[in-house]
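> Need a 3D model of the sequence below.
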Amino acid sequence: MKRRAAPPLHYSLKLAGEKGQEVIFSLSGRIALENLRSLNSEVEARLKEMAPARLIVDLSQVDYLDSAGALALLKLKQEALSRSMGFQFAHLPEMARGIMELLDRKDLAAPPLIAGRDEAGLLEQLGAAGRRFAEDLLQVTTFLGELLRALAYAFLHPRSVRWDDVAFYMKRAGVDGLPIVGLISFLLGLILAFMSSLQLKQFGANVYVAPLLAIAVVKELGPIMTAILVAGRSGSAFAAEIGTMKVNEEVDALITMGFDPIRFLALPKVLAAMVVVPILTLYADIFGIAGGLVVGVVGLDLTAYTYLKDTQASLTLMDIIPSLIKAAVFAVLIAGIGCQRGFQVRGGAEAVGSATTSAVVAALFLIIVTDSAFALAFHYLGI
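You can find the predicted model right below:
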């Protein structure tokens, strides 16, 4: 049996052409990692010596080329082009062509997963922050449009919704959040009633504590405090869950299998939040009024009947309905921004943590801005 000849261990470089004109580099032998240091030094010296207007690299005599050698040749091409020098590979073997096509891709120039740390000036930081804000706003708007389209599709095709997952997230975002929402609302109502009574007691207006607390809790504090708590509990959990799936390439696997990740992952979370956040808001309103009731009975010498009667007289149905509308909008924003930040994760565990933090911060910002817009809208609509 005839043995195959081993590839050569060295390379050779021959030149043809005139200085400042077209020059041909004829490479032969082995272009591999162990030869690159000497090859790069020799090529750099010959380029400096010849200063060609056009460079042709002849690879017809190359017997062996590994990925490191192919990358070195591609860097030679980039260097020649950066010097405004014409460049061409001649007699490129099929094997070498395949390696170079694999390496010569634009996505190899993508930013690293972990960005380098640099010291930028104040103006540069402000400009970069503004650019990131504009890009983030565009991404959030795009995701919101896709989410609304998914919601419309679910409304028209309810059987396409994974209702088991909706029920699961309703439990996680709603039932599991009842203790903390009730406690915070009760303490908030108690504190607000106590601070109000200190001022109203000076004017003998203790009876107005109940209406003041009821209107404040039902119209503003109930929805916004519930939304903040849900954003901290569930919005961050949604971002962490989807972000971890991105890191583990589970989202890519869903796309490969033909599933829409927004319908499959985000839609059940948003639907669950839209159901439970208004219910949690009513729950928070009740506990907030209960906190005020404790102060009214213990500190203001009011009877429970009197306090609850004044509370009932001060509230109308049109005070409760706008509150529930705001709660539903807050739910979409919280769940939507949590899912959107999760889908943005790129990297490892650090990126998941950053996405979780970003989801909570962005949700709180959107809650405050949306609540301000609702306040203006309801005022001019006379609600």
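> Now do the buried residues in stretch 285-293.
285, 286, 287, 288, 289, 291, 292, 293 (16 or more other CB atoms under 10 Å). For every residue, glycine as well, the C-beta is placed using N, CA and C.
> Quick one: the residues you listed as CSV, columns for distance to residue 169, secondary structure and pLDDT too.
Converted to CSV, the buried residues of stretch 285-293 look like this (distance: CB to CB, whole Å; DSSP: H, G, I helix; E, B strand; the rest coil; pLDDT from 0 to 100):
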residue, distance to residue 169, secondary structure, pLDDT
285, 23, helix, 94
286, 23, helix, 94
287, 23, helix, 95
288, 25, helix, 94
289, 28, helix, 93
291, 29, helix, 93
292, 32, helix, 92
293, 33, helix, 92
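> and those as a markdown table, adding distance to residue 125?
Listed next are the buried residues of stretch 285-293 as a markdown table, based on distance: CB to CB, whole Å:
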| residue | distance to residue 125 |
| --- | --- |
| 285 | 43 |
| 286 | 47 |
| 287 | 44 |
| 288 | 42 |
| 289 | 47 |
| 291 | 44 |
| 292 | 46 |
| 293 | 51 |
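> which one of those residues sits closest to residue 221?
residue 288 (6.6 Å; CB to CB).
> does the closest one really touch residue 189, like I thought?
Yes: the pair residue 288 and residue 189 qualifies as a contact (CB atoms under 8 Å) at a distance of 3.5 Å.
> Mind listing the shared neighbours of those two?
213, 217 (CB atoms under 8 Å, 6 or more residues apart in numbering).
> remind me which residues of this structure are low pLDDT?
1-13, 15, 104-120 (pLDDT under 70).
> could you point out which element follows the lengthiest helix in it?
In the chain, assigned by DSSP state H, the helix with the most residues is helix 122-156. Using DSSP states H and E, the helix or strand that follows helix 122-156 in sequence is helix 163-173.
> the inter-axis angle of that next one versus helix 122-156?
Counting by axes from the mean of the first three to the mean of the last three CA atoms, to 10 degrees, helix 163-173 lies at 130 degrees to helix 122-156.
> neighbours around residue 130, how many?
For residue 130, the count of nearby residues is 10 (other CB atoms under 10 Å).
> Nearest the geometric middle of this structure, what residue?
Most central in the chain under CA atoms, centre = their mean is residue 341, positioned 2.3 Å from the mean C-alpha point.
> Verify the contact between it and residue 362 for me.
Yes: the pair residue 341 / residue 362 is scored as a contact, 6.9 Å apart, by CB under 8 Å.
> one step back: in the longest helix of the chain, what counts as buried?
Those would be 140, 143, 146, 147, 150, 151, 153, 154, for helix 122-156 by 16+ other CB under 10 Å.
> Mind giving me the packing neighbours of it?
Other elements packing on helix 122-156 under the criterion 3 or more CB pairs under 8 Å, 6 or more residues apart in numbering; DSSP states H and E are helix 267-299, helix 317-343.
> nearest to residue 381, of the ones you listed?
Between residue 381 and those, the tightest spacing by CB to CB is seen for helix 317-343, at 9.2 Å.
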